[in-house]
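Peer 1: quick one: sequence plus predicted model below, questions after.
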Amino acid sequence: MAGRVLVVEGAGAILGMIEALVAARGFEVRSAATGARGLEEALAWKPDVVLVDADLPGGTSGIEVCAKLRESAPVNVPVIVIGSVDDEVKRRALEAGAAAVYDTPFSPLALLKEIEAVARR
């Protein structure tokens with residue numbers, strides 16, 4: 001099962017790990033390092049799943065990316081929020097429309113299974 005995954009992540013090492021993980025499963029992967037660029041890429045490319053870091057550089061948080069995608073996306077793309085999240089951040093992410101929230105450190109296998117599950121929905 002292939003699909004498109006957009007990874008919006010400011011930390012290069014984490015981005016590289018996630019890109020390699022999903023690409024190895026046959027997904028087409030694109031990435032963006034800031035929330036603003038991630039929004040542009042999501043609206044233009046129309047991915048099947050968006051992974052977004054809760055704490056992005058550049059002034060637009062992952063939660064804001066999620067909320068803005070809910071407001072403006074022509075399709076209801078599932079968003080998975082990842083990062084160092086406490087209960088408050090998790091609550092805000094889910095209220096913004098996140099399909100799932102993963103606290104770091106997370107299991108790469110569990111994240112991959114979540115991506116595959118939401119891509120099928």
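Peer 2: That came in fine, so what should we check first? Numbering: from 1, shown residues only.

Peer 1: quick one: the helices in the protein?
Peer 2: Here the chain has its helices, by DSSP state H, at 12-24, 35-45, 62-72, 87-95, 108-120.

Peer 1: show me the beta-bridge partners of the residue positioned nearest the centre of the chain.
Peer 2: In the chain, the centroid-proximal residue (Cα atoms, centre = their mean) is Leu51; its distance is 1.2 Å. Each beta-bridge partner of Leu51 is listed here, defined by DSSP bridges: Val7, Ile80.

Peer 1: show me where pLDDT drops low in the protein?
Peer 2: Applying pLDDT under 70 to the chain picks out residues 1, 73-75.

Peer 1: hmm, 50 instead?
Peer 2: Across the chain, nothing is flagged by pLDDT under 50.

Peer 1: look up how far Ala44 lies from the closest residue to Ala67 other than its chain neighbours.
Peer 2: Spatial nearest neighbour of Ala67, chain neighbours left out: Ala96 (4.0 Å); criterion: Cβ to Cβ, 6 or more residues apart in numbering. Using the backbone N, CA and C atoms, a C-beta is placed for each residue, glycine as well. Counting by Cβ to Cβ, to the nearest Å, the gap from Ala96 to Ala44 is 21 Å.
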